[in-house]
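**Q** Take a look and give me a structure for this.
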Amino acid sequence: MHADTHRTRDIEALAARAGLNLSGREGCPVLLAGGGSLRSFYRIQTAQGPFVVMLAPKDCAEIKAYVDVGRFLRARGIAAPEIVCYDDVRQVVLLEDLGDDSLYSLLNSASSRQEVMGYYSGAAVFLAEMQMKATPHIESCGYLRNRWFGYDALRWETDYFAECFLKRFCRLRIAREDELDEEFHLLACSIDGEPRYFMHRDFQSQNMFVKNGQFRVIDFQTATRGLLQYDLASLLKDAYFQLDNRERDILLNTYMDELTETWGMRVDRVHFRQLFHRTGMQRTMQALGAFAFLGMDRGKTDFLQHIPAALANLRDALEMFDGFPVLKASAGEALLRIRGGDCAAQ
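**A** Residues are numbered from 1 along each chain as shown. A predicted model of the protein is given here:
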């Protein structure tokens with residue numbers, strides 16, 4: 001699919017500004033597979049090679065955030081795509097083309113679980129490197145300087161889960177809603193007091209690529225200060241590709257080994273592991289809310305297919321902790337309604 005006429009002109013203007021030559025039908029922007037945002041991505045062929053163009057709606061301000069964080073990461077030696085040039089009036093960014101080998105596609109084409117684990121181990125090592133290299137310099141990035149993923153953001157995510165997933169998608173009437181709210185409060189409080197580091201916020205398999213044998217990261221425009229475990233849970237409890245508990249535990253140890261052996265961090269492994277699973281609950285609820293919202297409100301129904309895997313991740317994590325009786329009951333009832341075909345968009 002090609003871009004519409006107005007946006008094609010925006011792309012052509014930016015390419016010309018970068019000194020790139022588009023010619024003939026081969027130069028027409030071709031739409032790449034999109035995710036959950038309102039942004040769109042096009043590949044263009046030029047005499048100087050392929051490039052990717054990111055387009056955002058002209059009434060949003062995502063481009064500035066993307067450029068600020070992308071340049072910050074590259075300045076810290078972290079493998080984000082090169083930003084060739086951008087136009088924050090037209091909301092267009094010209095980027096290095098990372099190719100088609102997303103971590104997601106590589107995992108799904110892997111010939112063995114050993115190959116899968118190799119990709120995940122590399123991604124876990126890359127994550128630790130990104131967090132450790134970026135964190136000491138956060139103040140140098142204007143966009144990140146005053147961003148903080150704390151109690152309010154944590155509660156927004158669980159409220160989003162309750163509203164979009166439980167109430168609207170699963171059509172649940174939560175009889176003990178005040179008690180559920182208290183459980184969300186206690187979960188947020190148990191996470192909120194932990195140290196903060198650079199946090200990508202959506203570090204999952206579709207937001208990583210492998211180019212020339214090197215991991216690369218995209219979609220970092222919502223980066224903030226947050227927990228190490230949040231990005232790790234995004235990776236290892238990713239509903240797009242399922243790991244079993246044994247594999248996840250091996251990779252959790254790989255990541256903690258990297259923190260201690262390469263970066264010299266002292267890690268209380270029992271506490272880190274518990275916090276990883278608590279934060280995994282938090283992240284999975286955010287994902288369930290997002291899948292429901294995107295499927296129902298944005299018409300992106302492909303996201304609905306990932307709900308059963310995400311719900312399984314949530315229920316597995318809940319079994320590790322005492323408490324959360326209303327959340328456990330709600331997750332169980334949600335599963336029954338999904339299996340019975342009683343949810344919205346089913």
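
**Q** wait, D87 sits on E12?
**A** No - contact between D87 and E12 fails when scored by Cβ atoms under 8 Å: they sit 11.7 Å apart. Any C-beta I mention is one placed from the backbone N, CA and C, and that applies to glycine too.

**Q** so what's G150 closest to, chain neighbours aside?
**A** Closest residue to G150 in three dimensions, ignoring its sequence neighbours and counting by Cβ to Cβ, 6 or more residues apart in numbering: D192, at 5.6 Å.

**Q** meant to ask about L275, not that
**A** Per Cβ to Cβ, 6+ apart, closest to L275 is Q229, 5.1 Å.

**Q** Mind jotting down where the helices sit in the stretch 201-346 of the chain?
**A** Here the stretch 201-346 of the chain has its helices, by DSSP state H, counting those that start in this stretch, at 228-236, 245-261, 269-297, 307-318, 325-339.

**Q** helices and strands around the third one, which ones?
**A** When contacts are defined as 3 or more Cβ pairs under 8 Å, 6 or more residues apart in numbering; DSSP states H and E, helix 269-297 packs onto helix 151-160, helix 177-192, helix 228-236, helix 245-261, helix 307-318.

**Q** same question, the last one
**A** Of the remaining helices and strands, those touching helix 325-339 by 3+ Cβ pairs under 8 Å, 6+ apart are helix 177-192, helix 307-318.

**Q** among those helices, which is nearest I78?
**A** With respect to I78, and counting by Cβ to Cβ, the nearest of those is helix 177-192 at 24.9 Å.

**Q** May I have the strands that pair with the next helix or strand after the closest one, each with its orientation?
**A** Counting by DSSP states H and E, the next helix or strand C-terminal to helix 177-192 is strand 197-199. Taking DSSP bridges as the criterion, strand 197-199 pairs within the sheet with strand 224-226 (antiparallel).

**Q** So what are the structural domains in this structure, by residue number?
**A** For the chain, automatic domain parsing gives the domain ranges 25-96, 103-339.

**Q** quick revisit: can I get the helices and strands packed on helix 269-297 in a markdown table with mean neighbour count and mean pLDDT?
**A** Converted to a markdown table, the helices and strands packed on helix 269-297 look like this (neighbours: other Cβ atoms under 10 Å; pLDDT from 0 to 100):
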| stretch | mean neighbour count | mean pLDDT |
| --- | --- | --- |
| helix 151-160 | 17 | 98 |
| helix 177-192 | 16 | 97 |
| helix 228-236 | 26 | 98 |
| helix 245-261 | 16 | 98 |
| helix 307-318 | 20 | 97 |
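
**Q** Ok, which of the ones you listed comes nearest P50?
**A** Among these, helix 228-236 comes nearest to P50, with 27.6 Å by Cβ to Cβ.

**Q** which one of the domains of the chain has the lowest average pLDDT?
**A** Per-stretch mean pLDDT for those is lowest at domain 25-96 (a mean of 87).

**Q** Correct me if wrong: K133 contacts R76.
**A** Yes - with contact defined as Cβ under 8 Å, K133 counts as touching R76 (4.8 Å).

**Q** the more surrounded of these two?
**A** Remark: of K133 and R76, R76 carries more neighbours, 20 against 15, as counted by other Cβ atoms under 10 Å.

**Q** surely the more buried one meets Q131?
**A** No - counting by Cβ under 8 Å, R76 does not reach Q131; the two are 10.8 Å apart.

**Q** For M296, see how far away the closest residue to F293 other than its chain neighbours is.
**A** Nearest non-adjacent residue to F293, counting by Cβ to Cβ, 6+ apart: C164, 4.6 Å away. Per Cβ to Cβ, to the nearest Å, C164 is found 8 Å from M296.

**Q** do the same with V53
**A** To M296, V53 is 29 Å away according to Cβ to Cβ.

**Q** Look up the closest residue to the spatially most central residue of the chain, ignoring the ones flanking it.
**A** Central residue of the chain (Cα atoms, centre = their mean): D202, 1.8 Å from the mean position. Nearest in space to D202, with sequence neighbours left out and distances taken as Cβ to Cβ, 6+ apart, is D219 at 5.7 Å.

**Q** count of residues packed around the one you found?
**A** Number of residues near D219 (other Cβ under 10 Å) recorded here: 21.

**Q** can you check V89 too?
**A** Counted with other Cβ under 10 Å, the neighbours of V89 add up to 9.

**Q** Would you mind listing the residues in contact with the nearest residue to it once chain neighbours are set aside?
**A** Once flanking residues are discounted, V89 sits nearest to K58: 8.0 Å by Cβ to Cβ, 6+ apart. Listed by Cβ atoms under 8 Å, 6 or more residues apart in numbering, the contact partners of K58 are 89-91.

**Q** Now L94: phi and psi?
**A** Torsion angles at L94 (phi, psi; degrees, to the nearest 10) stand at phi -100, psi 130.

**Q** Just the element for the residue nearest to it when sequence neighbours are not counted, please.
**A** Nearest residue to L94, sequence neighbours excluded (Cβ to Cβ, 6+ apart): V84, at 4.3 Å. Assessed by DSSP H and E, V84 sits inside strand 83-87.
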